[in-house]
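Colleague: from the sequence below, what's the structure:
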Amino acid sequence: MQAFLGGITQAFGFISDMGSAVMVPLFIFLIGLFFKLGVVKSLRSSLIVGAGFIGMGLVFNIIWTYMIPISDNLRDKFDFNRPFYDVGGGGAGVVAFGTEVGTYIIPFIILLNVVLILIKVTKTINIDIWNFWHLAFTGSVVVVLSEAAGASHGEAIFYGLTGAAAHSILALLLADMTAKRVQEEFEMPGVSISQGFATSSVPLFLLLDKIYDIVAPKSRGEGKKAKAATGLAALFSEPVVMGFILGILLGLAGANYDAGGKAVIGQVLMLGVQLGALMLMLPRMIKIIVEGLLPVSDAVRKFVNEKYPGREFFIGLDSAVLLGHPNTLIVSVLLIPIVIILSIIMPWNTTLPLADLAATAFFVSMATPIHRGSFWKTLVSGTIIFAIVMTLSSYFGPMITSAAGPAGFPIPEGAQGITALSAGNMFAWFISFVLKAKYIGVVVLAAVVVGVMFFANKVAYKLYDWVPGPADKK
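Modeller: Next up is the predicted model:
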């Protein structure tokens, strides 16, 4: 038996060593076959996913060439030492899926979701497979911290999968709890948001919403009919324009003026174009990955619906479907300079915001429905959550960097490491902190999950009129 388990561990280790661009497509192919997608469609989906991962790496390899000299100059001229470069959710996802826990995470989380649906713990069928990386990241962080605390490798993997499972369960419970409000605000029946970061922001936004109502009760619901961005506001909300402007500003601040005017202008403009390209191309690469994952997601959904007809289910989607709300778009543009200022004035921050500046809307996507479209509430909540996010991304930076090499993700030469604002996940930090206590931590974490389950089903609907209560259950 021991030899058999050892063989399985070696096999998974061999797959993991090949990197995300091979490992993830392989599991996508096998999952497609299991859920009767067919050989041809499963193969096509897996290869498209692999192409997206490779494209992600190529984009970052190009950008580091232009970013490193500017970063070095900024550090030397202003003592602005932010050594961990923000590679965005795309980069963090590649790293997370490339870890040993990441190797298991897709089939593990799908199986867990099916079991939770069977025992009626959740109504959400999470088909947002790409964003399983948030769960993989939580599990991977737990493994690193568990081994540092003296756990054996096998124990650390157990704790890592336990942490990923806890994150998944919490995400599904909060997806259920906020489903009715999301459906009402965005007119999307049958949908919930199960994305690992979006759900982790929900407790904070719920708490802040109650505080706002106590401090300024008349503001409830203000701004629900916010106007869509037009003209210059619409132009500046374009990721490629954001990236270009950010590149110009960074270039002007960090250029080597001793090289002469022409050289400086060329360097500044090139960095602007390169960061604009980064902001434009990263979402395209993720879109390619999602294109490959959609057929598999649809196959999973079809399988569950056929097995359990007549029950109410929510389709768990990425928070990207919420980004078209005018309030979210306007706030996301204003948050970009706020994030840059926060990165400068927070002395403990070691993160240089880059790639995720194009994704500020994701960080406040759940604030808009929770705050009922209030502009000021969403802006204040966005500022608060980014202060937290940057603190956590700095904390996780060394761990992400240590995992990047084995996952096949390039570390920019001259940089101390990489991180991602979207890795600054409060659930990931809380779960990893609790599981430092090993088996005691497992018991505590289980109690927390049960407590959230009770709150979501018995208490929350009394506090928030848009949360489904017992009468909504079938």
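Colleague: every contact and neighbour count from this point should use C-alpha atoms.
Modeller: Will do.
Colleague: all the strands of the stretch 251-400 of the chain, residue numbers only.
Modeller: Assigned by DSSP state E, counting those that start in this stretch, the stretch 251-400 of the chain shows strands spanning 314-317, 351-352.
Colleague: just say which of those strands is most tucked in.
Modeller: strand 351-352 (a mean of 26; mean count of other C-alpha atoms under 10 Å).
Colleague: how far does that strand sit from the chain's center?
Modeller: Strand 351-352 sits 17 Å away from the centroid of its parent chain (C-alpha atoms, centre = their mean, to the nearest Å).
Colleague: pairing partners for that strand, with directions?
Modeller: Strand pairing for strand 351-352, determined by DSSP bridges: strand 84-86 (parallel).
Colleague: tell me which residues are up against the partner strand.
Modeller: Here strand 84-86 makes contact (C-alpha atoms under 8 Å, 6 or more residues apart in numbering) with 350-356, 394, 397, 415-421.
Colleague: and Phe132, what does it touch?
Modeller: Neighbouring residues of Phe132 by C-alpha under 8 Å, 6+ apart: 105-106, 109, 195-196.
Colleague: for those, which one is nearest Pro203?
Modeller: Nearest to Pro203 among those: Gly196, at 12.9 Å, using C-alpha to C-alpha.
Colleague: test my guess that Val141 contacts Ile431.
Modeller: No - Val141 is not in contact with Ile431 according to C-alpha atoms under 8 Å; the separation is 9.4 Å.
Colleague: could you check how far Gln267 is from Trp429?
Modeller: Taking C-alpha to C-alpha, to the nearest Å as the measure, Gln267 falls 39 Å from Trp429.
Colleague: actually Val339, not the one I wrote
Modeller: In this structure, Val339 and Trp429 are 20 Å apart, going by C-alpha to C-alpha.
Colleague: same check, this time on Phe34
Modeller: Here the criterion is C-alpha to C-alpha. By it, Phe34 lies 33 Å from Trp429.
Colleague: compare these two (neighbour count), which wins?
Modeller: Set side by side, Phe34 and Trp429 show more neighbours around Trp429, with 18 against 14, by other C-alpha atoms under 10 Å.
Colleague: ok, the more buried one - contacts?
Modeller: 138, 392.
Colleague: can I assume it sits in a strand?
Modeller: No - the assignment for Trp429, made by DSSP: H, G, I helix; E, B strand; the rest coil, is helix rather than a strand.
Colleague: below-threshold pLDDT in the stretch 251-400 of the chain: ranges please.
Modeller: Scanning the stretch 251-400 of the chain for pLDDT under 70 picks out 282, 286, 297, 324.
Colleague: what's the closest non-adjacent residue to Met281?
Modeller: Nearest residue to Met281, sequence neighbours excluded (C-alpha to C-alpha, 6 or more residues apart in numbering): Val59, at 7.4 Å.
Colleague: in which helix or strand would I find the one you found?
Modeller: Element membership for Val59, per DSSP states H and E: helix 39-78.
Colleague: Phe205 touches Arg372, doesn't it?
Modeller: No - with contact defined as C-alpha under 8 Å, Phe205 does not count as touching Arg372 (11.3 Å).
Colleague: hang on, the earlier thing: narrow the contacts of Phe132 to those in helices?
Modeller: 105-106, 109, 196 (DSSP state H).
Colleague: got a markdown table for the residues you listed, with distance to Pro189 too?
Modeller: Formatted as a markdown table, the ones in helices among the contacts of Phe132 follow (distance: C-alpha to C-alpha, whole Å):
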| residue | distance to Pro189 |
| --- | --- |
| Ile105 | 29 |
| Ile106 | 26 |
| Ile109 | 25 |
| Gly196 | 21 |
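Colleague: okay, who's weakest in those residues by pLDDT?
Modeller: When the ones in helices among the contacts of Phe132 are compared by pLDDT, Ile106 scores lowest at 85.
Colleague: wait, that one sits on Ile129?
Modeller: Yes - counting by C-alpha under 8 Å, Ile106 does reach Ile129; the two are 7.2 Å apart.
Colleague: please look at the residue nearest to Met281 and Pro283 and confirm they touch.
Modeller: No - using C-alpha under 8 Å, Val59 makes no contact with Pro283, being 11.2 Å away.
Colleague: from Ala171, how far off is the spatially closest residue to Gly316 that is not a sequence neighbour?
Modeller: Spatial nearest neighbour of Gly316, excluding adjacent residues (C-alpha to C-alpha, 6+ apart): Asn126 at 4.3 Å. Using C-alpha to C-alpha, we find Asn126 at a distance of 10 Å from Ala171.
Colleague: which neighbours do these two share?
Modeller: With contacts defined as C-alpha under 8 Å, 6+ apart, the residues shared by Asn126 and Ala171 are Ser194.
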